[in-house]
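>>> show me the folded form of this:
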Amino acid sequence: MSLHADLLRQAEHLARLEPRRPRQASLRRAVSTAYYALFHLLVKEATSTLVAVPSLRGRFGRAFDHQDMKKASQAFGRPQANQLDTLTGNLPVPVQVQRVALTFVELQEARHEADYNTARTFTRLEVTNLVARVAQAFQSWQAIHTDPVARMYLASMLLGKKWTR
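A predicted model of the protein is given here:
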């Protein structure tokens, strides 16, 4: 089993850990773990796609920056006219890529809330919905991962601003 799949299973487990009164700690960890499941899926896919030498993939994986990944995800999640044309060669961004990208942005923001905003209270329904969004993003990614625009999305998450030079 891969790390990202294990993390998704762990998030699902944490979201339903206490059947009657879920602890905020469990719900918050579920949100954070779900985010990292998607983060690690995308990093694994990017390094597998972009780095030909398997022994170097781990080093490249450490180069991914959460903020750069969020900016790329915002751009691919809600593409604006002419914004991505030079990156995609005027190819449209497939709906599945948009879904994955928007889920990444949403989960990163939810993770920040879960990890840093102690005044915020999470409900089990809210958390199970967030975890389910990540599971759906996994399925969307599986359906689209070989598409050229999906690969451009992966590259843009690593290259960030350098990509548009």
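>>> the closest residue to Arg57 other than its chain neighbours sits in which helix or strand?
Counting by CB to CB, 6 or more residues apart in numbering, the nearest residue to Arg57 once its immediate chain neighbours are dropped is Thr47, at 4.0 Å. In short, each C-beta sits where N, CA and C put it, glycine included. Assigned by DSSP states H and E, Thr47 falls within helix 24-50.
>>> which helices and strands sit right next to that helix?
When contacts are defined as 3 or more CB pairs under 8 Å, 6 or more residues apart in numbering; DSSP states H and E, helix 24-50 sits against helix 3-15, helix 57-61, helix 66-77, helix 95-116, helix 124-144, helix 148-159.
>>> correct me, but Trp141 touches Leu41?
Yes: counting by CB atoms under 8 Å, a contact exists between Trp141 and Leu41, whose distance comes to 6.5 Å.
>>> I'd guessed Arg151 sits against Thr49; true?
Yes: with contacts counted by CB under 8 Å, Arg151 reaches Thr49, the gap being 5.6 Å.
>>> of those two, which one has the most company?
Comparing Arg151 with Thr49 by neighbour count (other CB atoms under 10 Å), the higher total belongs to Arg151, at 17 against 14.
>>> show the contacting residues for that one.
Counting by CB atoms under 8 Å, 6 or more residues apart in numbering, Arg151 makes contact with Thr49.
>>> would you mind measuring from it to Pro79?
From Arg151 across to Pro79, the span is 16 Å (CB to CB, to the nearest Å).
>>> cool, Arg99 as well?
Arg99 sits 13 Å away from Pro79 when distances are taken as CB to CB.
>>> which stretches of this structure aren't confidently modelled?
81, 85, 161-165 (pLDDT under 70).
>>> fine by me, thanks again.
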